[in-house]
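Trainee: Predicted model, plus sequence, below.
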Amino acid sequence: MKVEETKLKGCFIIEPTVFKDSRGYFFESFNQPKFEELTGQSGNFVQDNQSASTYGVVRGLHYQAGKYAQAKLVRVLEGSVLDIAVDLRYGSETYGQWISVELTAENNLQLYIPRGMAHGFSVLSETAVFAYKCDNVYNKQSEAGIRYNDPDLGIDWGIPAEKMSLSEKDLELDFFNLKRTSL
Ligand SMILES: Cc1cn([C@H]2C[C@H](O)[C@@H](COP(=O)(O)OP(=O)(O)O[C@H]3O[C@H](C)C(=O)[C@H](O)[C@H]3O)O2)c(=O)[nH]c1=O
């Protein structure tokens, strides 16, 4: 298992060690002691989620505010996505900055997104199955988000705007006032 911290402090790209043989492959998709040792982050996840989407779908940008804030460990079981994390930690050196990482069922890469960040992804393949761990449970009342095409963030989702497909909810998310001081 290798980890690389991104320019957003506390946000890590994780590459598992894949064992291949004539039968196929094996890798540890999560190992709490190794995760905690290599990232210095808590690996106490309490909820697993999974979603399936078709090409052009954009899910996000989402986060849970306040005491239900969630850190996420995300990966792709089928297909490929462009995964986006946005630093919303007021006072952070990279506040308002974002990163993108292509996660695929071939590269087996994972992204750890700490609390205080918004998360989203776009689907680059015909279909994609997305699976992730959260370190806090879902709390509908704490759900919040930023419109995918927020002009201040200027996120490149890796797909043409005319091909994008979003939920009604996501299309109506607010733009983010980067001067806002709390989530
Ligand atoms: C997130 C969540 C949703 N739901 C229910 C609520 C809705 O009835 C239904 C679909 O929810 P939503 O449209 O918010 O699903 P996504 O658009 O995939 O949302 C997720 O997408 C981005 C990428 C994220 O990082 C978040 O984990 C999450 O916000 O599942 C639950 O029952 N539990 C949950 O934890």
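Mentor: That came in fine, so what should we check first?
Trainee: need the residues of this protein near the ligand, please.
Mentor: Within reach of the ligand by C-beta under 6 Å from any ligand atom, the chain has these residues: 49, 51, 59, 60, 62, 72, 119, 120, 121, 138, 167. Glycine gets a C-beta too; all of them are placed from N, C-alpha and C.
Trainee: mind redoing it with 5 Å?
Mentor: 51, 59, 60, 62, 119, 138 (C-beta under 5 Å from any ligand atom).
Trainee: List the contacts of stretch 143-155.
Mentor: Residues lying outside stretch 143-155 but in contact with it, judged by C-beta atoms under 8 Å, 6 or more residues apart in numbering, are 58, 60-65, 84, 86, 96, 98, 100, 118, 120, 157, 161, 164, 166, 169-171, 173-176, 178, 183.
Trainee: from the residues of the chain next to the ligand, which ones fall inside strands?
Mentor: Of these, the ones assigned to strands by DSSP state E are 51, 59, 60, 62, 119.
Trainee: hmm, which of the residues you listed are the buried ones?
Mentor: Using 16 or more other C-beta atoms under 10 Å as the burial test, these include 59, 60, 62, 119 as buried.
Trainee: Quick one, which of the contacts of stretch 143-155 are buried?
Mentor: Neighbour counting over the contacts of stretch 143-155 (16+ other C-beta under 10 Å) leaves 58, 60-65, 84, 86, 96, 98, 100, 118, 120, 157, 164, 166, 170, 173, 176, 183 as the buried ones.
Trainee: quick one: the residue nearest to residue 75 when sequence neighbours are not counted from the ligand, how far?
Mentor: Distance criterion C-beta to C-beta, 6 or more residues apart in numbering; nearest residue to residue 75, sequence neighbours excluded, is residue 110 at 4.3 Å. Separation of residue 110 from the ligand (C-beta to the nearest ligand atom, to the nearest Å): 14 Å.
Trainee: need the contact list for residue 125.
Mentor: Residues in contact with residue 125 (C-beta under 8 Å, 6+ apart) are 55, 78, 79, 80, 81, 104.
Trainee: Over to residue 93?
Mentor: Taking C-beta under 8 Å, 6+ apart, we find residue 93 in contact with residue 9.
Trainee: From the chain's centre, how far out is stretch 138-147? Work that out for me.
Mentor: Stretch 138-147 sits 15 Å away from the centroid of its parent chain (C-alpha atoms, centre = their mean, to the nearest Å).
Trainee: Quick check: end-to-end length of it?
Mentor: Taking C-alpha to C-alpha, to the nearest Å, stretch 138-147 runs 20 Å from one end to the other.
Trainee: Check which residues of stretch 43-57 are buried.
Mentor: 43, 45, 53, 55, 56, 57.
Trainee: Mind pulling up the pLDDT for the closest residue to residue 4 other than its chain neighbours?
Mentor: Once flanking residues are discounted, residue 4 sits nearest to residue 13: 4.7 Å by C-beta to C-beta, 6+ apart. Listed pLDDT for residue 13 reads 98.
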